[in-house]
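Sharing a model prediction with you, sequence too.
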Amino acid sequence: MKKIKLSVVPGDGIGNEVMPHALDILDVVGEIHGGLDFEYEHFEYGCDYYLKHGKMMADDGMERLAESDSILLGAVGDASKVPDHISLWGLLLKIRQEFELGINVRPAKVFKGIDSPLSDPAHFDLVIVRENSEGEYSSVGGRMYRGDDEIAIQNNVFSKRATKQAMEYAFKLSAGRSHHVTSATKSNGIFHAMPFWDEVFSETSAQYEGITTSQQHIDALAASLVTHPQRYDTIVASNLFGDILTDIGAAIMGSIGIAPSANLNLNGKFPSMFEPVHGSAPDIAGQGVANPIGQIWTVKMLLDHHGEEEMGSVLLDTLESVAAERILTPDVGGNATTDEVAGEVIKRLKRKV
Ligand code: NAD
Ligand code: IPM
Ligand code: MN
C-alpha cells in the first residue's frame, strides 16, 4: 500500500467550504486505486488561529508541516480579522518562501461545460510558470519619515538561481506541449530587474534547442491574452506578473473559482503545496455556493505530482463530465451549491470503485 501523508490547511473563508470535499475525493480516489492511502494531519492555521494565539501558525508549525509529503491548502486571508499582509506573510507566503517552493504551476484551459466570457476561446490551453519565492514579493525595504513626507521603499529581489529555475521549468514543460515559451517582461520600465530577467531568459533559451520563444511586456501581454488567448502555450513570469496573469487565465476559463495551482519544491528538501488560485472570497463565504472545482482540480495536480497521473486523469475527466451537464455553482452560471457539485463528482467517482 502506497501511503501519502498530507498536511491539510483549509485556512479562511471558503477554504473551509471546499477543503472537506477535496479530502472526501482523495478517499474515493484511494478506493478506486486499491493501493493508495492518504493520511491527513489537520492544521487550523488561519485568521481565527491568529485571533486566539497572536500568530498565524504554531511556533513549531513549519517543522510539523515539513514532516508531510505534500501540503493541501484552501485559502488564507480575512481582512476583517487580520490585515492581509500579516496573515499572508505569516502563513501562505511564509510556506512558499521558507519551503523553497520556487515554482508555481498554474494551468488554464477551455473547461468542457463552462462558458468563457470570450467569444472564441477555442483551443485556449495555457500553463503559466510563476517564479514563486522572490521577485516583487520581498520584505526588503521599509517606511521612513512621517506625515506628508512619508515614503515606502519596496525592493525587488531577483536571484539568478530562482529566475533560471523557473525558466528551465517552463522550457521543460513546453517540451511536452507545443514547444513555445513566452516570457513576461517589463524591461522598458523596470530598470534593473527586468533587463536581468531578459538576459537570463535568452541564456536559458540557448540551452533548449527546438523550443521557440517570444517575449512581451506584461501590459501588452495581459491585453493580448484576452484578445488572442490561443497564441499562448507556456508563459514564464515573475512572481507578481505571474499572479496577475493567472487570474486573467482563470477569468478566460470562466471563473477564478476553477483554477488550480501547484507550488513546487524542486530540491527535495521540503513538501510541495497544492492550492486553488482563488482566495477566501469573504463576499460569498458562508453561503454554500463556492465553486469547488479549483480545489478539486488542485487534487488532480497533487496526484500527478505523486506519480498517480492515471488517477489524476480519472478525476479531471469526472470533473469535466459534471461541468458538461451544467451541475455548476452560480459564478459559472449554474444554480447548484458547493455540496451538490462536489457530491456529484464523488457519486460519479464511486461508480468506478
Ligand atoms: P478572492 O479570490 O477571494 O475573490 C475574488 C472574487 O472571486 C470574489 O468575488 C469571490 O467571491 C470570487 N471567488 C473566488 N473564489 C471563488 C470560488 N471558489 N467560487 C466562486 N467565486 C469565487 O480574492 P480577493 O477578494 O482579492 O481576496 C480575498 C481574501 O483572500 C484576501 O484576504 C486575500 O488576500 C486572500 N487571497 C488568498 C489567496 C490564497 O490563499 N491563495 C489567493 C487570493 C486571495
Ligand atoms: C495567489 C494570491 C497570493 C499571491 C496572495 C494572497 C498573497 O493572490 O496565490 O495568487 O499574491 O501570490
Ligand atoms: Mn493571486
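Received it, and whenever you're ready, just let me know what you need. Ligands and ions are numbered 1, 2, ... in the order given.

For L266, list the residues it contacts.
100, 102-103, 165, 169 (Cβ atoms under 8 Å, 6 or more residues apart in numbering). Using the backbone N, CA and C atoms, a C-beta is placed for each residue, glycine as well.

Reformat the residues you listed as CSV; add pLDDT, secondary structure and neighbour count.
Shown next, in CSV, are the contacts of L266 (pLDDT from 0 to 100; DSSP: H, G, I helix; E, B strand; the rest coil; neighbours: other Cβ atoms under 10 Å):
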residue, pLDDT, secondary structure, neighbour count
E100, 98, coil, 19
G102, 98, coil, 25
I103, 98, strand, 24
Q165, 98, helix, 22
Y169, 98, helix, 20
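
Format those as JSON lines; extra columns: distance to ligand 1.
What follows is the contacts of L266, written out as JSON lines (distance: Cβ to the nearest ligand atom, whole Å):
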{"residue": "E100", "distance to ligand 1": "18"}
{"residue": "G102", "distance to ligand 1": "17"}
{"residue": "I103", "distance to ligand 1": "15"}
{"residue": "Q165", "distance to ligand 1": "21"}
{"residue": "Y169", "distance to ligand 1": "20"}
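
Give the closest residue to whichever residue of the stretch 251-353 of the chain sits closest to ligand 1 in space, chain neighbours not counted.
The stretch 251-353 of the chain approaches ligand 1 most closely through G279 (2.3 Å), counting by Cβ to the nearest ligand atom. Nearest residue to G279, sequence neighbours excluded (Cβ to Cβ, 6 or more residues apart in numbering): A75, at 4.9 Å.

do V236 as well
The shortest distance from V236 to any non-neighbouring residue, by Cβ to Cβ, 6+ apart, is to A170 (3.8 Å).

for the strand or helix carrying the one you found, packing partners?
Element membership for A170, per DSSP states H and E: helix 160-175. With contacts taken as 3 or more Cβ pairs under 8 Å, 6 or more residues apart in numbering; DSSP states H and E, helix 160-175 sits against strand 103-109, strand 125-131, strand 180-185, helix 193-205, strand 234-237.

just the strands in the stretch 201-350 of the chain please.
212-217, 234-237, 260-264, 272-276 (DSSP state E, counting those that start in this stretch).

Is it possible to get JSON lines of those that adds mean pLDDT?
Output for the strands of the stretch 201-350 of the chain, formatted as JSON lines (pLDDT from 0 to 100):
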{"stretch": "strand 212-217", "mean pLDDT": "98"}
{"stretch": "strand 234-237", "mean pLDDT": "99"}
{"stretch": "strand 260-264", "mean pLDDT": "98"}
{"stretch": "strand 272-276", "mean pLDDT": "99"}
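
can you redo those strands as JSON lines with distance to K5 and mean neighbour count?
As requested, the strands of the stretch 201-350 of the chain are exported to JSON lines (distance: least, Cβ to Cβ, whole Å; neighbours: other Cβ atoms under 10 Å):
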{"stretch": "strand 212-217", "distance to K5": "39", "mean neighbour count": "16"}
{"stretch": "strand 234-237", "distance to K5": "31", "mean neighbour count": "28"}
{"stretch": "strand 260-264", "distance to K5": "17", "mean neighbour count": "24"}
{"stretch": "strand 272-276", "distance to K5": "13", "mean neighbour count": "27"}
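
Could you list the domains of this protein?
Domains of the chain are assigned by automatic domain parsing as 1-106+256-353, 116-253.

Just say which of the ones you listed is most tucked in.
Compared across the domains of the chain, domain 1-106+256-353 shows the largest average neighbour count, a mean of 19 (mean count of other Cβ atoms under 10 Å).

Contacts (any at all) between ligand 2 and that one?
Yes - shown here: domain 1-106+256-353 in contact with ligand 2 (Cβ under 6 Å from any ligand atom) through 77, 88, 92-93, 277, 279.

wait, which of these is closest to I4?
Comparing these against I4 with Cβ to Cβ places L92 closest, at 21.7 Å.

Next, the contact list for the closest one, please.
Applying Cβ under 8 Å, 6+ apart to L92 gives the contacts 11, 73, 76, 275.

same question, W297
Neighbour list for W297: 258-260, 276, 316, 319 [criterion: Cβ under 8 Å, 6+ apart].

Could you list the low-pLDDT ranges of the chain?
Residue ranges of the chain with pLDDT under 70: none are present.

just how off-centre is the lengthiest helix in the chain within its chain?
Criterion DSSP state H: the longest helix present in the chain is helix 15-33. Relative to the centre of its chain, helix 15-33 is centred 18 Å away, using Cα atoms, centre = their mean, to the nearest Å.

before we move on, what about stretch 156-166?
Taking Cα atoms, centre = their mean, one finds the center of stretch 156-166 at 19 Å from the center of the full chain.

same question, stretch 245-265
That offset, for stretch 245-265, works out to 6 Å (Cα atoms, centre = their mean).

now stretch 327-342
Chain-centre distance of stretch 327-342: 21 Å, with Cα atoms, centre = their mean.

measure it end to end?
10 Å (Cα to Cα, to the nearest Å).

ok, so what distance separates the residue of the stretch 51-200 of the chain found nearest ligand 2 from ligand 1?
Ligand 2 sits closest to L88 of the stretch 51-200 of the chain, with a gap of 4.3 Å, by Cβ to the nearest ligand atom. For L88, the distance to ligand 1 (Cβ to the nearest ligand atom, to the nearest Å) stands at 6 Å.

mind exporting the strand or helix carrying that residue as PDB, just the C-alpha atoms?
Per DSSP H and E: L88 is located in helix 84-90. This file holds the C-alpha atoms of helix 84-90, laid out as PDB (Å, rounded to 0.1, in the frame of the first residue of the first chain):
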ATOM      1  CA  ASP A  84      -3.800  40.800   4.800                       C
ATOM      2  CA  HIS A  85       0.000  41.500   4.800                       C
ATOM      3  CA  ILE A  86       0.200  40.000   8.300                       C
ATOM      4  CA  SER A  87      -1.900  36.900   7.500                       C
ATOM      5  CA  LEU A  88      -0.400  36.100   4.200                       C
ATOM      6  CA  TRP A  89       3.200  36.700   5.200                       C
ATOM      7  CA  GLY A  90       2.600  34.600   8.400                       C
END
